[in-house]
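Q: pasting the sequence and the predicted coordinates here, then a few questions.
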Amino acid sequence: MTKQNASKNGAAATKGAISIRNVTKIYDPEGVNVKAVDNCSMEIAGGEICMIVGPSGCGKSTLLNAIAGFHSITEGQIDVDGEMLCGPGREKADQGADRMVVFQNGALFPWKTLVENVAYGPMVQGALNKAQAMDKAGTMLAEAGLGDVIKKFPGEVSSGMSRRAEIVRALINDPKVLLLDEPYRAMDALTKQIMHESLLETYDRTKVTIFFITHDLEEAIFLGDKAHVVTTRPCQLKKTVEVNIPRPRSYETQSSEAFRALLSEVNEAVHEEAVKAFQAGEREMA
Ligand SMILES: Nc1ncnc2c1ncn2[C@@H]1O[C@H](COP(=O)(O)OP(=O)(O)OP(=O)(O)O)[C@@H](O)[C@H]1O
């Protein structure tokens, strides 16, 4: 492992605090009326890596989409750094470069090289001219270990490289918050390890707040400062597990007693909710 480092919420980490207060989301209230989130509250400090775990279909992506400004909320309020994104009088947040999203299915333009993909955002927003944007994109890709492939097209590099490039693309505008919705879901264990190292190194450079949805409990403990376990639908915060394992964390960390104890604590909470989700599904089928 390279210089994956140190601080949790270091001195530079003052931006990107997310406050989710009493948020409820009902899809299609006049029709199918699906309550995905119910009176859910959570606080995420600026510069924190916050992992969200819970059963399938419980409402995790709904929360992420509300923070990103893709979906409205029905009640409650979401703030970033004390400024209301959505809440009373504004049911949907504006989308903005201060909150960048990376999903599990890649979203790079296949007809552009990696460096062109990364440079695209600041160029079209007019934040940088083409030369500046290409230069910054090349530097950031090199920092992420992709210096040799910046001129390759997404189809010419591995899925792991593409995903790292997507994260660089999300970070080029220096967002306050990085929203990750199961970005490594389809990857094999070894590729995931590389992704985790790379993400932690990126985090050390940027101290961006990370809101990360996963079903992989080991990933949640390995990466997170906190793991927020949420209930089966409708989503509420069930339990917060503080991951008080010092950084840097290496793969030996995963066999430590502290790691296994935290894993077991998260597993127990998630399992309870998974059983409820399964029973609810069986009732619906009956
Ligand atoms: N546009 C929509 N209209 C109606 N129901 C929806 C809509 N989008 C999501 N849902 C429902 O809301 C619930 C929560 O969905 P969401 O995608 O937030 O869950 P999730 O926890 O992210 O799931 P997964 O872990 O499987 O990705 C699900 O029951 C889903 O079917």
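A: Happy to help now that I have it.
Q: close to the ligand, is stretch 93-112?
A: No: Stretch 93-112 does not reach the ligand (Cβ under 6 Å from any ligand atom); its nearest approach is 8.6 Å. For the C-beta atoms, the positions are set from N, CA and C on the backbone; glycine is no exception.
Q: how about residue 167: what's its closest non-neighbour residue?
A: residue 102 (5.8 Å; Cβ to Cβ, 6 or more residues apart in numbering).
Q: what does that neighbour show for phi and psi?
A: Here is the backbone geometry of residue 102 (degrees, to the nearest 10): phi -130, psi 120.
Q: by contact count, what packs against the helix ranked longest in the chain?
A: Longest helix of the chain, by residue count under DSSP state H: helix 257-285. Contacts defined by 3 or more Cβ pairs under 8 Å, 6 or more residues apart in numbering; DSSP states H and E place helix 257-285 against helix 217-223, strand 226-230, strand 237-242.
Q: kindly compare burial across the ones you listed and name the winner.
A: Using mean count of other Cβ atoms under 10 Å, the stretch among the helices and strands packed on helix 257-285 with the largest mean neighbour count is strand 226-230, at a mean of 25.
Q: between strand 237-242 and that strand, find me the angle.
A: Angle of strand 226-230 versus strand 237-242, following axes from the mean of the first three to the mean of the last three Cα atoms, to 10 degrees, is 160 degrees.
Q: ok, and the closest non-adjacent residue to the residue in the stretch 151-286 of the chain positioned nearest to the ligand?
A: Here the stretch 151-286 of the chain gets closest to the ligand at one residue, residue 233, 5.3 Å apart by Cβ to the nearest ligand atom. The shortest distance from residue 233 to any non-neighbouring residue, by Cβ to Cβ, 6+ apart, is to residue 58 (4.8 Å).
Q: next, format the helices and strands packed on helix 257-285 as TSV and append distance to the ligand.
A: Below are the helices and strands packed on helix 257-285 laid out as TSV (distance: least, Cβ to the nearest ligand atom, whole Å):
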stretch	distance to the ligand
helix 217-223	13
strand 226-230	8
strand 237-242	13
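Q: check for me that residue 78 belongs to a strand.
A: Yes: applying DSSP: H, G, I helix; E, B strand; the rest coil, one finds residue 78 inside a strand.
Q: quick check: buried residues in stretch 182-197?
A: 182-184, 187, 191-197 (16 or more other Cβ atoms under 10 Å).
Q: any chance of the residues you listed in JSON lines, plus pLDDT?
A: Output for the buried residues of stretch 182-197, formatted as JSON lines (pLDDT from 0 to 100):
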{"residue": "182", "pLDDT": "94"}
{"residue": "183", "pLDDT": "92"}
{"residue": "184", "pLDDT": "92"}
{"residue": "187", "pLDDT": "86"}
{"residue": "191", "pLDDT": "87"}
{"residue": "192", "pLDDT": "89"}
{"residue": "193", "pLDDT": "88"}
{"residue": "194", "pLDDT": "87"}
{"residue": "195", "pLDDT": "89"}
{"residue": "196", "pLDDT": "92"}
{"residue": "197", "pLDDT": "88"}
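Q: any chance of those residues in JSON lines, plus secondary structure and distance to residue 107?
A: Listed next are these as JSON lines, based on DSSP: H, G, I helix; E, B strand; the rest coil; distance: Cβ to Cβ, whole Å:
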{"residue": "182", "secondary structure": "coil", "distance to residue 107": "14"}
{"residue": "183", "secondary structure": "coil", "distance to residue 107": "11"}
{"residue": "184", "secondary structure": "coil", "distance to residue 107": "15"}
{"residue": "187", "secondary structure": "coil", "distance to residue 107": "16"}
{"residue": "191", "secondary structure": "helix", "distance to residue 107": "18"}
{"residue": "192", "secondary structure": "helix", "distance to residue 107": "19"}
{"residue": "193", "secondary structure": "helix", "distance to residue 107": "23"}
{"residue": "194", "secondary structure": "helix", "distance to residue 107": "20"}
{"residue": "195", "secondary structure": "helix", "distance to residue 107": "16"}
{"residue": "196", "secondary structure": "helix", "distance to residue 107": "21"}
{"residue": "197", "secondary structure": "helix", "distance to residue 107": "23"}
